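Chemist: Next input, structure requested:
(chains A and B)
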Amino acid sequence: MHRLIAVDLPRTLPKLQLFQEHCPLHKDLTQVLEAFAVSQSELGYVQGMSFVAAVLMLHMSPLDAFICMSNLLSSHFFVSLFTLNIRECLKHIRIYELLFSKHLPNLYSFFQRLGVSPEHFLLDYFFTAFSRSLPLPVVTRVWDCFFLEGEVFLYRVALALLKLYEPELLECNLERIVPLLRRLPEDVSEASLFTALEQITVPHYIHQFIERIVKTDAKE
Amino acid sequence: MSSRELLSISEDEDVKGLMKALQPSPRDGLISAPRPGVVTVQGLVVVKPTPARDSSMKSSAKLAVSSEDTGAQNPIVRVGSFLSNLLGLEDDARANDAATSESLRESQGATALQKAEAIWRKEVIPNWESLLKRGKLNQLVLKGIPPAVRGEVWKKMLGNRLGLTVENFGPIRGLETNNVWSYSSFFFFFFPQILLFLKPRVLDLLKCIG
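Modeler: Residues are numbered from 1 along each chain as shown, chains lettered A, B, ... in the order given. The predicted structure is shown next:
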């Protein structure tokens, strides 16, 4: 585990030069991640967590970052992702697919024809709550809403991104789509993303469905 | 022309009344006589060219002025009523208006970012629970949380369901206990562009009002 973290840190937000070895936040981030892995032992450390912790640490003290991270990642959404519990993950992916087919029917049928399944790129987004995929200023704003609204907001952001790049995506073939979605251009604009977001609405029954998932999880 | 002079001068009647209410009285000797050619809108200073300048410049500047004007018409009154609506203090709306203008006067000349921060610190965070209950927060948060209060607000949003404490965190090295500070100042060093994003956001916030 210790080695895994050591391997991951140099890859964490390398542009900032804050979390790499001999950089100011290197030791703190290591401690946050180790404390997390010990106290949340059913999750342990999974690659990608370092990004979540790093973005939190930019805004608060290491102790607070640890507490926030533990609480954030204890939701059904993240637990099923990080434990790779396929059956539980699918519940969330189905919600996403439903919204996808409703909001972007053209792109949805195009993806179906090519055989691009959401797992190809979606897990990358969700594992780090976009902190690896989007530029940092955008991530912080996405998180503002995500923390308040819950996982629904992540679906909305994923769909808004697809909507932004819909024209380009429709011209791509299978080989190019997945790399494009995994490695989004670095100039994703905050303003255009949030404009696209306004048009992605989530019907009430989806909210209810998510509540039910969370409740049944709590009972178990 | 000093910035104080710029702030005190206004041409538009609406803005004039507004500024008058906000400025210290002329007896303070801080205010110079209104001078044509400059319009101030809540910290945004737009200099209109004098008639002597060439006409092409004038028209482009006018365009700029009109867009700024519509963007932030009567911003202070709007902030006041917005917040009072938001906080459900309709009966007390007037007092609240006054209080808000008071707090904004203190921060006059501050950047849009600092104003947003002041609003969050004074009005939003203390009333968090009631705003959350009434579903007013989504709209506010969608506009972006001012970076200086972001860490605090995030902590509030995420809560501590698991009831974790220092003990779960393990030994804290001496350095941090004495010197716990947020790295948000760093953050802005690396991402100055975020300030650009926030400016229109404050105007948006003002637009929500009324």
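Chemist: Could you tell me how many residues sit around the closest residue to residue A:6 other than its chain neighbours?
Modeler: Nearest non-adjacent residue to residue A:6, counting by CB to CB, 6 or more residues apart in numbering or on different chains: residue A:30, 7.6 Å away. (Glycine included, C-beta is placed from N, CA and C.) When neighbours are counted by other CB atoms under 10 Å in any protein chain shown, residue A:30 registers 20.
Chemist: helices and strands around the helix or strand harbouring residue A:30, which ones?
Modeler: Using DSSP states H and E, residue A:30 sits within helix A:26-39. Using 3 or more CB pairs under 8 Å, 6 or more residues apart in numbering or on different chains; DSSP states H and E, the elements in contact with helix A:26-39 are helix A:2-8, helix A:49-57, helix A:62-72, helix B:166-169.
Chemist: Point out where chain A drops to low pLDDT.
Modeler: A:220 (pLDDT under 70).
Chemist: Can you give me the buried ones in the longest helix anywhere in it?
Modeler: Under DSSP state H, the helix in chain A containing the largest number of residues is helix A:86-103. Across helix A:86-103, burial judged by 16 or more other CB atoms under 10 Å in any protein chain shown covers A:88, A:89, A:91, A:92, A:93, A:95, A:96, A:97, A:98, A:99, A:100, A:103.
Chemist: my read: residue A:188 touches residue A:138, true?
Modeler: Yes. Using CB atoms under 8 Å, residue A:188 is in contact with residue A:138, at 6.0 Å.
Chemist: Contacts only, for residue A:130.
Modeler: By CB atoms under 8 Å, 6 or more residues apart in numbering or on different chains, the residues touching residue A:130 are A:138, A:139, A:142, A:154, A:157.
Chemist: quick one on the thing from earlier: make CSV out of the buried residues of helix A:86-103 and add distance to residue A:169.
Modeler: Putting these into CSV (distance: CB to CB, whole Å) gives the following:
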residue, distance to residue A:169
A:88, 28
A:89, 24
A:91, 26
A:92, 22
A:93, 19
A:95, 21
A:96, 16
A:97, 16
A:98, 19
A:99, 17
A:100, 12
A:103, 14
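Chemist: Relative to residue A:5, which of the contacts of residue A:130 is nearest.
Modeler: Distance to residue A:5, by CB to CB, is smallest for residue A:139 among these, at 21.0 Å.
Chemist: sorry, back to before: any chance of the helices and strands packed on helix A:26-39 in a markdown table, plus mean neighbour count?
Modeler: Listed next are the helices and strands packed on helix A:26-39 as a markdown table, based on neighbours: other CB atoms under 10 Å in any protein chain shown:
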| stretch | mean neighbour count |
| --- | --- |
| helix A:2-8 | 14 |
| helix A:49-57 | 25 |
| helix A:62-72 | 24 |
| helix B:166-169 | 14 |
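Chemist: wait, which of the ones you listed is closest to residue A:132?
Modeler: helix A:49-57 (5.1 Å).
Chemist: how many degrees apart are the closest one and helix A:62-72 in direction?
Modeler: For helix A:49-57 against helix A:62-72, the angle by axes from the mean of the first three to the mean of the last three CA atoms, to 10 degrees is 120 degrees.
Chemist: Would you mind pulling up the elements that the longest helix of chain A packs against?
Modeler: helix A:76-82, helix A:105-114, helix A:119-127, helix A:152-164, helix A:204-219.
Chemist: And for that helix, what's in contact with it?
Modeler: For helix A:86-103, using CB under 8 Å, 6+ apart, the contacting residues are A:76-77, A:79-81, A:107-108, A:118-119, A:122, A:126, A:151, A:155-156, A:158-159, A:162-163, A:199-200, A:202, A:206, A:209-210, A:213, A:217.
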